[in-house]
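Asks: give me the fold of what follows.
(chains A and B)
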There are 2 protein chains.
Amino acid sequence: MAQLQVAERLVGPALTEGHALARLAELTDGIGPRLAGSEGSEAAVQWALRSFKADGVKAWTEPVKVPHWIRGEERAELIASERFRGRPLTVMALGSSVATPPEGITAEVVEVRSLEELAALGDRVKGRIVLFSHDMKGPEDYGRFGSLRGRGPSAAAKAGAVAALVRSLATASLSTPHTGATRFEDGVTPIPAASVTVEDAELLHRLLAGAGPVKVRLVLGCKELPEKDSFNVVAEVKGRQKPEEIVLIGAHLDSWDVGTGAHDDGAGVVMVMEAARLLARQKPAPRRTVRVVLFMNEENGLRGARAYAEAHAAELPRHVAAMEMDAGGGQPVGVVLRSAEGAAELVRPWLNPLVALGAGTLLPAEAGGADLLPLLPASVPFFGVRQDSSRYFDFHHTHADTLDKIDPEALAKSTAAAAWMAYVMAELPEVLPRPPAAPSPFAPAAGNVKPPAH
Amino acid sequence: MAQLQVAERLVGPALTEGHALARLAELTDGIGPRLAGSEGSEAAVQWALRSFKADGVKAWTEPVKVPHWIRGEERAELIASERFRGRPLTVMALGSSVATPPEGITAEVVEVRSLEELAALGDRVKGRIVLFSHDMKGPEDYGRFGSLRGRGPSAAAKAGAVAALVRSLATASLSTPHTGATRFEDGVTPIPAASVTVEDAELLHRLLAGAGPVKVRLVLGCKELPEKDSFNVVAEVKGRQKPEEIVLIGAHLDSWDVGTGAHDDGAGVVMVMEAARLLARQKPAPRRTVRVVLFMNEENGLRGARAYAEAHAAELPRHVAAMEMDAGGGQPVGVVLRSAEGAAELVRPWLNPLVALGAGTLLPAEAGGADLLPLLPASVPFFGVRQDSSRYFDFHHTHADTLDKIDPEALAKSTAAAAWMAYVMAELPEVLPRPPAAPSPFAPAAGNVKPPAH
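Replies: Residues are numbered from 1 along each chain as shown, chains lettered A, B, ... in the order given. Prediction:
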């Protein structure tokens, strides 16, 4: 009965008050894009502090040194040949790309569909622009093809290419380039790397199927400035009985520099903030402490995630569960865990309040989140609310990731589900069994390192 | 039985040979955008002549004087205020817009949803940038809201506005601006006019709902160059019995300067060319002459349509039927007419071969086409193949109107349907009854005039 009353007090306001949506408008319309190192990201930090304060939730900042990459001019053109007339191509620099010379780089294009195909080309890559093609169809393909964006340009550079173009990781396109991070291995001299729209990738593919060379000129003006001081924003609702046990609920405050990061990850930010606001109003408070972490620099460095894990290393054994909301504002469809034997049995009796939200099922998928990766070696159990992400990669990392793409109903439902699951983890009589420690995905002496794609 | 044999010889090759699609690739991938006055448009004229020749269809050019408008730099930004940070907006100049000064025009935005709302604002429009908003939901809204693009900027200029922004006429957007023609009334000093993405129109709308002014800076570098000599391309398959009676099948060879006009109107062009190729192979030839007209400058002037009607004025009474394919490459869904009493009874017995294409029904809608408008005063009956256009306005007049958006099956089916209907009109024992003469939609001493929107 107590369980049901709390559920009402969390789910009811999440569904009716529109607080998360109003906050999301402040963050996206008001502040806008907020790539780490930008003025927008600093405005977002201040906004988050102000907002937690207004909600009666104790919050503070924790320092994070972040990369400061800025986009510049970016354009490309197909160079005319006997078979076709020249024309502009639509490109968008990938995060951490270097610039071209001001006049651009003009070279013949060679197309590959995998890193293996690239390797097989050997010397034929030298002096060329490598086009990484793929046939991403749904969100399930993002991991697989994400490696082309994450590691393709570095591999191309190593093989002697002069630039790289990556077909946008997109499930829909209306001439819509998708940015994202790429990473050059230590010791590899970076080359200019840009995404190209699905349309232009397919054009190049068709032209390459004909006779004679296909040449492209690429102009990128992006650059890496000196690192900057930035912050994670951390907030807490203290537990009533075991305040030293921490349930972490996170999202990332930074976004790409295009669009306004409404789905990625404004939605996650306002969901976990709203969960904290609603949990702070519960009397009595949940058994354990719920800690909100708004990570900085998820998109192009994961510096916030690593700074958090380092600063709180001593506490990680007391992190009893962690969730990151970073899959957009879609409908909740179920609950996921990354724990150990027996976890499902502990959690399942608590899922009834999610049934009418469409999320009452424990799904066989694994919980996770890019900012949770540094918690793997500490065996922190993960939980999560799985969301419908079928349209997420239509606008992910594009100019089109804006508030109009948010379905208020779906956002409210996922907010309610996230709030409830945070409560469940904070209130469960027992804690989730801890999974075996997994190795950190980060290189030992990490610079601006990032796992494949997120 | 003869009817069935001809149907087989038209529908079979249209569905199996892929000729229209291959031609469309030449026109879009090979030549690309082809706004009237551009090099692309001249290349398209030469391509059409070559292609008709290769198909064994007699073809020639007819002169058309066309406007020569070129796009320049185009950008806009939201000016920061206390409530929101500044950021870029995505805009695209409308055809026949004038440029801004190099530093742009910065002014407060005022939003209207109709020309009536604009008129009601009176003096409050002076010195402002007018944002024309609407809620286009489907293709059926294009006519209605098209008038905001076609006539809004002129009305705003008349009321003292310094620039106009028109929400893109779109049924989907991933930060995708849609260009199109606008027209300034005689005596009105044109102002810079651009479309703005759905996303940015909605952002401005939300911000305008708050307190305090919303300011935008708009920079447009487009300009109108001196008129140029261009051409309609005309081709004919002579009739066996009444060669003086003409069945016109048209499409427009020009496109906007963005994208490659795959749907608008490359699809129509290759359909009517393929109809001619297949009809030219019929022995015996159809009863009447089938004339293909590839009109120049449909998009921003309809000069080709008017030049054709003027040059062929004496022949128009012998134009027994006319069709324009200009609704993209979608599935055929039925047949339409604009004729007079008795027409349906004449045509219906000929529709059986279209049943398996999904187009065997005579629909209650009226046939038409922008380039057919000058034929209205001459009482020329119109016919047409209605197509599925549910997704047409996702990419119409955008960078995304490219070959990848074409469904080869739908294109082939509509090609087959168009070829068959051209044959029907050329072979019917009787001609369609002529509708009453309608007034020309053009002003008597027309300059660069264009009816509301197409």
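
Asks: so where do the strands sit in the stretch 351-454 of chain A?
Replies: A:362-366, A:382-387 (DSSP state E, counting those that start in this stretch).

Asks: got the CA coordinates for the last one in CSV?
Replies: It refers to strand A:382-387. What follows is strand A:382-387, C-alpha atoms only, in CSV (Å, rounded to 0.1, in the frame of the first residue of the first chain):
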residue,chain,number,x,y,z
PHE,A,382,23.1,-0.8,-13.6
PHE,A,383,19.4,-0.4,-14.2
GLY,A,384,17.5,1.5,-16.8
VAL,A,385,14.2,2.4,-18.4
ARG,A,386,14.3,1.2,-22.0
GLN,A,387,12.6,3.6,-24.4
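
Asks: low-confidence ranges, the stretch 351-454 of chain A, go.
Replies: For the stretch 351-454 of chain A, the stretches flagged by pLDDT under 70 are A:442-454.

Asks: biggest strand in chain A by residues?
Replies: Using DSSP state E, we find that the single longest strand of chain A is strand A:223-237.

Asks: name the SS class of the residue in chain A sticking out farthest from the centre, please.
Replies: The centre of chain A is farthest from one residue, residue A:82, which by CA atoms, centre = their mean lies 43.3 Å away. At residue A:82 the chain is in coil, as set by DSSP: H, G, I helix; E, B strand; the rest coil.

Asks: now do the end-to-end distance for stretch A:384-391.
Replies: With CA to CA, to the nearest Å as the measure, stretch A:384-391 spans 19 Å from end to end.

Asks: can you give me the buried ones in it?
Replies: For stretch A:384-391, burial by neighbour count (16 or more other CB atoms under 10 Å in any protein chain shown) applies to A:384, A:385, A:386, A:387, A:388, A:389, A:391. Quick note: C-beta positions are derived from backbone N, CA and C, even for glycine.

Asks: so, in contact with chain B or not, it?
Replies: No: in terms of CB under 8 Å from any CB of the partner chain, no part of stretch A:384-391 sits within range of chain B; the closest distance is 10.6 Å.

Asks: what does that stretch contact?
Replies: If you take CB atoms under 8 Å, 6 or more residues apart in numbering or on different chains as the criterion, stretch A:384-391 is touched by A:138-139, A:171-172, A:323-325, A:327-337, A:359, A:363, A:365, A:367-369, A:410, A:414, A:417-418, A:421.

Asks: in helices, which of those appear?
Replies: Of the contacts of stretch A:384-391, the ones assigned to helices by DSSP state H are A:410, A:414, A:417, A:418, A:421.

Asks: what number of residues lie near the first one?
Replies: Read that as residue A:410. Residue A:410: 18 surrounding residues under other CB atoms under 10 Å in any protein chain shown.

Asks: and it, how far from residue A:74?
Replies: In this structure, residue A:410 and residue A:74 are 33 Å apart, going by CB to CB, to the nearest Å.

Asks: equivalent analysis for the last one, please.
Replies: Relative to residue A:74, residue A:421 is positioned 41 Å away (CB to CB).

Asks: so which of the two has more stuff around it?
Replies: residue A:421 (29 against 22).

Asks: okay but the more buried one is in contact with residue A:323, surely?
Replies: Yes: under the criterion of CB atoms under 8 Å, residue A:421 makes contact with residue A:323 at 6.7 Å.

Asks: quick one: common contacting residues for these two?
Replies: Residues within reach of residue A:421 and of residue A:323 at once, by CB under 8 Å, 6+ apart, are A:383, A:384, A:385.

Asks: next, format those residues as TSV and append distance to residue A:9.
Replies: As requested, the shared contacts of residue A:421 and residue A:323 are exported to TSV (distance: CB to CB, whole Å):
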residue	distance to residue A:9
A:383	21
A:384	22
A:385	18
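
Asks: between the strands of the stretch 351-454 of chain A, which gets nearest to residue A:230?
Replies: Among the strands of the stretch 351-454 of chain A, the nearest to residue A:230 by CB to CB is strand A:382-387 (25.1 Å).

Asks: centre of the chain to the closest one, how far?
Replies: Averaging C-alpha positions (CA atoms, centre = their mean, to the nearest Å) puts strand A:382-387 14 Å from its chain's average.

Asks: so residue A:254 makes contact with residue A:297?
Replies: Yes: with contact defined as CB under 8 Å, residue A:254 and residue A:297 form a contacting pair (5.4 Å).

Asks: domain-wise, how is chain A divided?
Replies: Annotated domains of chain A cover A:2-69+A:226-427, A:72-221 [automatic domain parsing].

Asks: in TSV, list those domains along with distance to residue B:245.
Replies: Listed next are those as TSV, based on distance: least, CB to CB, whole Å:
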stretch	distance to residue B:245
domain A:2-69+A:226-427	51
domain A:72-221	39
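
Asks: any idea which of those domains is most buried?
Replies: Among those, domain A:2-69+A:226-427 has the highest mean neighbour count (mean count of other CB atoms under 10 Å in any protein chain shown), at a mean of 22.

Asks: so how far does that domain reach from one end to the other?
Replies: Domain A:2-69+A:226-427 end-to-end distance (CA to CA) = 11 Å.

Asks: do stretch A:421-440 as well
Replies: End-to-end distance for stretch A:421-440, by CA to CA: 26 Å.

Asks: from the middle of its chain, how far away would it be?
Replies: Counting by CA atoms, centre = their mean, stretch A:421-440 comes out at 22 Å from the chain centroid.

Asks: and the residue in the stretch 351-454 of chain A positioned nearest to chain B, what does it touch?
Replies: Closest to chain B within the stretch 351-454 of chain A is residue A:399: 3.7 Å, counting by CB to the nearest CB. By CB under 8 Å, 6+ apart, the contact set of residue A:399 is A:176, A:258, A:259, B:90, B:174, B:175, B:199.

Asks: repeat that with 7 Å
Replies: Contacts for residue A:399 (CB atoms under 7 Å, 6 or more residues apart in numbering or on different chains) come out as A:258, A:259, B:90, B:175.

Asks: do the same with residue A:294
Replies: Contacts of residue A:294 (CB under 7 Å, 6+ apart): A:48, A:232, A:233, A:251, A:252, A:253, A:269.

Asks: list just the nearest of those to residue A:156.
Replies: residue A:252 (28.3 Å).

Asks: for the closest one, give its distance to chain B.
Replies: With distances taken as CB to the nearest CB, to the nearest Å, residue A:252 is found 19 Å from chain B.

Asks: okay, that residue: pLDDT?
Replies: Residue A:252 is assigned 98 on the pLDDT scale.

Asks: tell me where the stretch 201-350 of chain A has strands.
Replies: Using DSSP E, counting those that start in this stretch, strands in the stretch 201-350 of chain A cover A:215-220, A:223-237, A:242-252, A:288-295, A:319-324, A:332-338.

Asks: ignore the last one, the stretch 1-150 of chain A
Replies: Using DSSP E, counting those that start in this stretch, the strands of the stretch 1-150 of chain A run over A:58-70, A:74-78, A:87-89, A:91-93, A:105-112, A:129-132.

Asks: what's the closest of the ones you listed to chain B?
Replies: strand A:87-89 (4.8 Å).

Asks: and that closest one, anywhere near chain B?
Replies: Yes: using CB under 7 Å from any CB of the partner chain, strand A:87-89 reaches chain B at residue A:87.

Asks: ok, that strand: who's next to it in the sheet?
Replies: Here strand A:87-89 has these sheet partners by DSSP bridges: strand A:74-78 (antiparallel).

Asks: before we move on, back to that, residue B:379 is nearest to which of the strands of the stretch 201-350 of chain A?
Replies: Judging those by CB to CB, what sits closest to residue B:379 is strand A:215-220, at 52.8 Å.

Asks: what does the closest one contact?
Replies: So strand A:215-220 is contacted by A:72-79, A:89, A:91, A:93, A:97, A:99-100, A:104-109, A:129, A:163, A:192, A:194 (CB under 7 Å, 6+ apart).
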